[in-house]
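# Here you go, sequence then predicted model.
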Amino acid sequence: MSLRPETRTSRDLAARVRADVVRMHRRGSNVGSAMSAADVLAVLYAGALRLPGTTDPSRDRLVLSKGHAAAALYAALARTGVIDPALLDDFLADGSPLTGHPPHGTVPGIDVATGSLGQGLAIAAGMAWAARTDGRGARAFVVLGDGECQEGSVWEAAALASRLRLDNLVAIVDANGLQGYDRVADVDGGLALAPRFEAFGWAARETDGHDHDALRAVLEQVPFAPGRPSAIIARTVKGRGVRDMEDRLGWHYFNVSEADLPRFIAEIDGWVTPPARPSDPSSGGPRRRQRRGPRARAGRGPTGPLCGGGEP
Amino acid sequence: MRAAFLDALTERMEREPDLFVLTADTGFHVFDDFRVRFAPRFLNVGIAEATMIGVAAGLALEGRKVVTYGIAPFVTFRCHEQVRDCLCHPRLPVTIVGVGAGLAYGPAGMTHHAIEDVAVMAALPGMTVVCPGDPVETRHAVLGLAGVRGPAYLRLGRSGETPVHAGPLPSFAIGRAVDVADGGDVAILATGTMLATAVDAARLLAARGIEAEVVGFPTVKPLDLDRLDRVAARHRAVATLEEHVASGGFGAAVAVRLAGAGWGGTLRVFAIPDEYATHAGSREHLLAGYGLSAEAVAASLRDIVRGRPLRARPGRPGAGRAGGSGAVRGRAGATRPGGPR
């Protein structure tokens, strides 16, 4: 797997996703969870995933098992041309297809409904198994929460994926250390995730989940070991990008007020797009539209209508 | 309902030293003080509903009473076999509290809706199913469940519901219906979060000269058969309201009783149609799309009382699709919430 050096671009995507997420969460809760997953999703959608948002059978699958971070996924799909960005304005509104957790069958680029924790890893394992059986090159990526890993079904799926030697399966744990009502370490006793996945026969790596270069580097290495599924423990901060939100449990639930919105957006603009670095090959270059080629092959315009006339 | 639930539960914790409360990572701003005050008897088991039910069973087998708390779909569907085998079979005194009845978490999407939870819980032998209609009934239900010896499911809305009842209900008991309004033209039987809609529909009917008797059934199982029989003896037109699919729900239970008794009137089951919501929407938006607004209910009942043939029209619920209750289904597909924008 080769990735283009698009550091600048994935950072821009992350910034746009975060700004969208904050605006969207004037309605509804879970803004902190979407912010913590923004960099992981941006790196995936800015190049790490093959043909995301298309209907190509060989595309990489992405299952957002922590479905409550849906806003970040919708924003990533919108800012890479898969869905109309105007839809983000109606997030959670009456009649909007953008529900608080990803739906099935109504939003392009989303293969499966999630929102009840603990289901995504098994689904992704099924997708990876199907891809291998078909001889397709597709891989299955699944983004989990660290709190979510308390669900027993996660470990049932982990054991099965190991038994099936699904080295085209990649689990990324958005490990922000906070869950719905406590710190994760206070609930799971501080059991480390990487050794747990290793004990279940996976190959695991830990990385900074907000460092795009580090995320890209680790994603370039999957599968970490032939015949083993890969787990990436991405250390993150809930609410990353807005200081008031960072590492605060309340932002699992709070809405963003109109009064706070300009300040939060300004902070995101200032924080997420750092000054160009000498080591960044694409710094200073023009912003490039992402995923144009794959999208053209799928027969959809970069900002094509969401439902494509298929909704009854 | 959550505030009333917490107040009543606090009272029980104070006087029942063997009562434990478990949550599956839910309860932010609900249990914040409670968990400190009752720390040795409160546990966040984590995002692990099946384990929560198993631990509750273990505690109950060791002589404790347990209340478990979580979002309704997660504490009924995910762990259903644990509920069946570990709680219902040994008839353990564990109350499963599910918040977010029906479409309370409307915008969150189908994973957070609980529209079939009453059916699956009521199907379990020995399970008591209680769906309070307002904060007053919630308080009575929590206190009343202390006297239930086996497992129970308590289905709550969210928070901020307007009380339907003006004050405490001295005759409230688990398994007993609650008289809300009197009228001789039609009976509206409502359970849980639809009680307020039933009262509103009765007011709309009254403005058109139709007098509706409104009876609340906070307990769906065991159903108050005596009260139901008295309704049947008085009325030729009966409607049921629930925030749930028709299959296996409150209306279906009423239908079984009425049919078995040879009642020959018209039963109208107002329920959520046999489908999952495909779009976001507030509870009120989604319910209106299913013809479950007070206005749509009143209009439908007006036709029945006046003996007009039932006709399909927007706003009529698709209640009969799965229930087989004899009600006529309207064009639910044409009124489903959302649609192309």
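That came through fine. A quick note: this is a predicted structure, and the numbers were derived from the prediction, not measured.

# Could you use CA atoms for every contact and neighbour count after this?
OK.

# Okay, buried residues for the helix or strand harbouring B:A198 please.
In this assignment (DSSP states H and E), B:A198 forms part of helix B:195-207. By neighbour count with 16 or more other C-alpha atoms under 10 Å in any protein chain shown, helix B:195-207 contains the buried residues B:195-205.

# possible to save these as CSV with distance to A:D174 and pLDDT?
Listed next are those as CSV, based on distance: C-alpha to C-alpha, whole Å; pLDDT from 0 to 100:
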residue, distance to A:D174, pLDDT
B:L195, 42, 98
B:A196, 42, 97
B:T197, 42, 97
B:A198, 45, 98
B:V199, 47, 98
B:D200, 47, 98
B:A201, 48, 98
B:A202, 51, 98
B:R203, 52, 98
B:L204, 52, 98
B:L205, 54, 98
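
# For those, give me TSV that also has distance to A:A234.
Formatted as TSV, these follow (distance: C-alpha to C-alpha, whole Å):
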residue	distance to A:A234
B:L195	47
B:A196	47
B:T197	48
B:A198	51
B:V199	52
B:D200	52
B:A201	53
B:A202	56
B:R203	57
B:L204	57
B:L205	59
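
# Also within reach of chain A: list those from those.
Among those, not one lies near chain A by C-alpha under 8 Å from any C-alpha of the partner chain.

# how much space between B:V129 and B:V67?
Separation of B:V129 from B:V67 (C-alpha to C-alpha, to the nearest Å): 14 Å.

# The residue found closest to B:R64 once you drop the neighbours it is linked to in the chain: neighbouring residues, count only.
Once flanking residues are discounted, B:R64 sits nearest to B:D18: 5.0 Å by C-alpha to C-alpha, 6 or more residues apart in numbering or on different chains. Neighbours of B:D18 under the rule other C-alpha atoms under 10 Å in any protein chain shown: 15.

# before we move on, back to that, check which residues of the following helix or strand past the helix holding B:A198 are buried.
Next in sequence after helix B:195-207, counting helices and strands by DSSP H and E, comes strand B:212-216. Buried residues in strand B:212-216, counting neighbours by 16+ other C-alpha under 10 Å, are found at B:212-216.

# before we move on, back to that, which of the buried residues of helix B:195-207 lies closest to chain A?
B:T197 (20.0 Å; C-alpha to the nearest C-alpha).

# Next one: the residue lying closest to the closest one once chain neighbours are set aside from chain A, what distance?
Using C-alpha to C-alpha, 6+ apart and skipping residues adjacent in sequence, the residue nearest B:T197 is B:A294, 5.2 Å away. As defined by C-alpha to the nearest C-alpha, to the nearest Å, B:A294 lies at a distance of 19 Å from chain A.

# didn't the residue nearest to B:R64 look like it was pressed against B:V67?
No - using C-alpha atoms under 8 Å as the test, B:D18 is too far from B:V67 to be in contact (11.0 Å).

# Tell me the helices and strands packed up against the helix holding B:A198.
With contacts taken as 3 or more C-alpha pairs under 8 Å, 6 or more residues apart in numbering or on different chains; DSSP states H and E, helix B:195-207 sits against strand B:186-190, strand B:212-216, helix B:294-305.

# Tell me which of those sits most buried.
Most buried of those by mean neighbour count (mean count of other C-alpha atoms under 10 Å in any protein chain shown) is strand B:186-190; its value is a mean of 28.

# Tell me where the model's unsure across the chain.
Just so you know, I chose chain A. A:1-8, A:271-312 (pLDDT under 70).

# try again with chain B
If you take pLDDT under 70 as the line, chain B has these spans: B:308-341.

# Which segments of it make up each domain?
B:2-155, B:178-329 (automatic domain parsing).

# can you put those domains in JSON lines and add distance to A:L98?
As requested, the domains of chain B are exported to JSON lines (distance: least, C-alpha to C-alpha, whole Å):
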{"stretch": "domain B:2-155", "distance to A:L98": "9"}
{"stretch": "domain B:178-329", "distance to A:L98": "6"}
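
# For chain B, which residues are neighbours of chain A?
Counting by C-alpha under 8 Å from any C-alpha, chain B sits next to chain A at B:25-28, B:44-49, B:74, B:107-112, B:278-282, B:285, B:337-341.

# Flag every residue of the stretch 1-150 of chain A that's near chain B.
A:91-103, A:106, A:113-117, A:147-150.

# and B:L292, how far is that from B:M110?
Counting by C-alpha to C-alpha, the gap from B:L292 to B:M110 is 18 Å.

# Quick check: the residue nearest to B:R64 vs chain A, distance?
Applying C-alpha to the nearest C-alpha to B:D18 and chain A gives a distance of 23 Å.

# That residue: what's it in contact with?
Contacts for B:D18 (C-alpha atoms under 8 Å, 6 or more residues apart in numbering or on different chains) come out as B:63-65.
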